[in-house]
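*Asks:* My questions concern the predicted model and sequence given below.
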Amino acid sequence: MLRRLAGGFDQAAAFVSCVLVVALLGCVSLGVITRTLGAPLIWTDEFSRFLMVWLAVFGAILASRKRLHVRIRFFQDLLPAPAHRAVELAIQLAVTLVGAMICFYSVGLVNKNLDLDATSLPLSMSWMYVPLVLGGAVFALQGARDVVEILRRPRPSAPPDPATIVE
């Protein structure tokens with residue numbers, strides 16, 4: 001059940017990301033065309049900024065859910081298995097904490113900007129921060145899930161001591 005729910009969320013996030021890309025492309029194109037014609041639409045710049053924030057957050061959500069974020073694991077991969085596991089656990093705990101903090105502080109930003117209107121759009125500036133609430137929550141939940149997964153994995157066994165091997 002939970003797996004189907006997560007799959008549905010992933011599909012919805014991918015769909016929203018596609019819609020945002022098309023909307024951003026259309027908005028920027030409209031801005032370029034109207035400037036070229038000498039009658040610029042002033043709202044296209046501001047609306048494209050809103051779309052970029054939403055697209056960046058949804059892209060980060062998709063990358064996080066598919067574990068596609070850039071990671072440099074060179075030094076971590078040089079560690080013995082128990083230390084590798086401990087470092088991975090620390091990284092996922094940090095991801096969980098940062099995600100929770102993003103979510104918490106974004107709620108404050110949304111509330112602080114409720115009464116501030118965008119310059120050229122009939123929108124509250126709080127809409128600039130709304131996706132961060134969702135993104136932070138997803139990062140925190142994904143990190144927590146990864147922590148549980150790491151803790152559930154059997155611990156790597158120590159290699160046999162060569163002195164005890166009988167040939």
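*Replies:* Arrived safely, thanks for sending.
*Asks:* Please make it C-alpha for all contacts and neighbour counts, starting now.
*Replies:* OK.
*Asks:* could you pull out the helices for the protein?
*Replies:* With DSSP state H applied, the chain shows helices at 2-36, 43-65, 74-77, 81-112, 130-152, listed in chain order.
*Asks:* Excluding its own residues, what touches the last one? List them.
*Replies:* Contacts made with helix 130-152 from outside it, assessed by CA atoms under 8 Å, 6 or more residues apart in numbering, are listed as 53-54, 57-58, 60-61, 64-65, 85, 88-89, 92-93, 95-104, 106-107, 110.
*Asks:* which among these end up buried?
*Replies:* Among the contacts of helix 130-152, those buried by neighbour count (16 or more other CA atoms under 10 Å) are 53-54, 57-58, 60-61, 64-65, 85, 88-89, 92-93, 95-103, 106-107, 110.
*Asks:* got the CA coordinates for the lowest-mean-pLDDT helix or strand in the chain in PDB?
*Replies:* Taking mean pLDDT, DSSP states H and E as the measure, the chain has helix 74-77 as its least confident helix or strand, at a mean of 88. Once non-C-alpha atoms are left out, helix 74-77 reads as follows in PDB (Å, rounded to 0.1, in the frame of the first residue of the first chain):
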ATOM      1  CA  PHE A  74      35.500   8.400  -3.500                       C
ATOM      2  CA  PHE A  75      36.700   8.700   0.100                       C
ATOM      3  CA  GLN A  76      33.600   6.900   1.600                       C
ATOM      4  CA  ASP A  77      34.200   3.900  -0.700                       C
END
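*Asks:* so where is the chain shaky, pLDDT-wise?
*Replies:* Residue ranges of the chain with pLDDT under 70: 156-167.
*Asks:* one more time with 90, if that's ok
*Replies:* Scanning the chain with the threshold set as pLDDT under 90 gives 1-3, 6, 64-77, 153-167.
*Asks:* which residue sits closest to Glu46 in space, ignoring its chain neighbours?
*Replies:* Ser120 (7.0 Å; CA to CA, 6 or more residues apart in numbering).
*Asks:* In contact with the one you found: list those residues for me.
*Replies:* When contacts are counted by CA under 8 Å, 6+ apart, Ser120 touches Ile42, Trp43, Glu46.
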